[in-house]
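K.L.:
Okay, structure incoming, though there's no sequence with it:
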Ligand SMILES: Nc1ncnc2c1ncn2[C@@H]1O[C@H](COP(=O)(O)OP(=O)(O)OP(=O)(O)O)[C@@H](O)[C@H]1O
Ligand SMILES: [Mg+2]
């Protein structure tokens, strides 16, 4: 049984699909058998992206498939080293199934209180349903400055949850990379690639030892 990392969020547009693709790419580059499960059947963001990536022949190839529900995606974990699940916009009944099965539940969030409050509420709800707190981590995304990052981190910690070390800045280059079948570790800027790679590798390690 491979490790499972579920990327979920209460708010839409916080970077779930961007982080899921980038994470799957890092795992593939590390020669893990990885599957990226796209559970967002309405948007199919990862599926569209995989088509672009394949057409351009970008290495490493990332295996992406769409599944109708959490149970169908989770069944795949038995046949891979790592299953990355890109959750649908907003949480649903399936989010709890995903969270219960996952070794790690990653919730990307912007740094504002407007973004963080619903993220914390979502984690509290999952915890209440029996998901161990140690499996719930917030990934700060679209951060504008170091000061903003520290304030956001303090907010999360005060609420009793973990924010991963580091944060992803808001950068046009990340969007441009994703537009072109690439990931947040494959931009034209080495420092941005490195920042993303360090965070994503720490997630893979965390899931492997969970
Ligand atoms: N760090 C970043 N810097 C710049 N743009 C970003 C960053 N992270 C994500 N984006 C952009 O923000 C938009 C939303 O990201 P994404 O689609 O990954 O979010 P999502 O949580 O999957 O959305 P949805 O809830 O609709 O599924 C995309 O256009 C993406 O390219
Ligand atoms: Mg998405």
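P.N.:
Everything's here; your move. Small disclaimer: the values here were computed from a predicted structure and weren't measured. Ligands and ions are numbered 1, 2, ... in the order given.

K.L.:
tell me the contacts of the residue in the chain positioned nearest to ligand 2?
P.N.:
Closest contact between the chain and ligand 2, by Cβ to the ion, is at residue 17 (3.3 Å). In short, each C-beta sits where N, CA and C put it, glycine included. The contact partners of residue 17, by Cβ atoms under 8 Å, 6 or more residues apart in numbering, come to 7, 38, 40, 43, 45, 46, 49, 86.

K.L.:
Buried ones among these?
P.N.:
7, 38, 40, 45, 46, 49, 86 (16 or more other Cβ atoms under 10 Å).

K.L.:
Write out the residues of this protein neighbouring ligand 1.
P.N.:
9, 12-18, 40, 43, 45, 89, 141-142, 168, 170-171, 174-175, 178 (Cβ under 6 Å from any ligand atom).

K.L.:
Select only the buried ones of the residues you listed in ChimeraX?
P.N.:
The buried subset of these, as determined by 16+ other Cβ under 10 Å, is captured in ChimeraX by this line:
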select :9,14,15,16,17,18,40,45,89,141,142,168,171,174,178
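
K.L.:
In stretch 74-84, which residues are buried?
P.N.:
By 16+ other Cβ under 10 Å, the buried positions in stretch 74-84 come out as 74, 76, 77, 80, 81, 82, 83, 84.

K.L.:
That stretch spans what distance, first to last residue?
P.N.:
End-to-end distance for stretch 74-84, by Cα to Cα, to the nearest Å: 10 Å.

K.L.:
Next to ligand 2, which bits of the chain? Give me the list.
P.N.:
16, 17, 45 (Cβ under 5 Å from the ion).

K.L.:
Which residue ranges of this structure form strands?
P.N.:
3-7, 34-38, 63-66, 82-86, 104-109, 136-140, 162-163 (DSSP state E).

K.L.:
what packs against the last one?
P.N.:
Read it as strand 162-163. Applying 3 or more Cβ pairs under 8 Å, 6 or more residues apart in numbering; DSSP states H and E, one finds that strand 162-163 contacts strand 136-140, helix 146-158.
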